[in-house]
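**Student:** need coordinates for the following:
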Amino acid sequence: MTIAPASAPVLLGLNSSAIYLGVAMGGGLGGLAQDWLSVTLLGVPAAALALLATIVTVSGGRAGLPGLGHGIRHGRGER
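**Tutor:** Numbers count the residues shown, from 1 in each chain. Model prediction:
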């Protein structure tokens, strides 16, 4: 947001939309998994999706893609 401050509201709106889409998709996939698998096997697709998310995050971070941990500044007084 420091590169284009005027587009900050649009970026925040897109970020919120992506979060809502992810929650909806997670609920849908969870419902399908409950229909297709027994209760004792529900951890298998959850672990697979967690592994996939970890691989995407790590590979994106190593490639230097924006929004995957690079360029994030924490602390007070930084703008």
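
**Student:** in the helix or strand hosting Gly31, what counts as buried?
**Tutor:** Using DSSP states H and E, Gly31 sits in helix 8-36. Residues of helix 8-36 classed as buried by neighbour count (16 or more other CB atoms under 10 Å): Ala33. Yep, even glycine has a C-beta here, placed from its N, CA and C like the rest.

**Student:** could you list the low-pLDDT ranges of this protein?
**Tutor:** The model of the chain has pLDDT under 70 over residues 1-2, 63-79.

**Student:** now with 90?
**Tutor:** Scanning the chain for pLDDT under 90 picks out 1-12, 26, 29-30, 33, 39, 42, 45-46, 49, 53, 56-79.

**Student:** hmm, back to that, so after the helix holding Gly31, what's the next helix or strand?
**Tutor:** In N-to-C order, the element after helix 8-36 by DSSP H and E is helix 43-62.

**Student:** list the buried residues for that next one?
**Tutor:** Neighbour counts over helix 43-62 (16+ other CB under 10 Å) mark no residue as buried.

**Student:** quick one: list the elements packing against that helix.
**Tutor:** With contacts taken as 3 or more CB pairs under 8 Å, 6 or more residues apart in numbering; DSSP states H and E, helix 43-62 sits against helix 8-36.

**Student:** who are the packing partners of the helix it packs on?
**Tutor:** helix 43-62.

**Student:** how far out from the middle of the chain is the helix it packs on?
**Tutor:** Mean-position distance between helix 43-62 and its chain equals 10 Å (CA atoms, centre = their mean, to the nearest Å).
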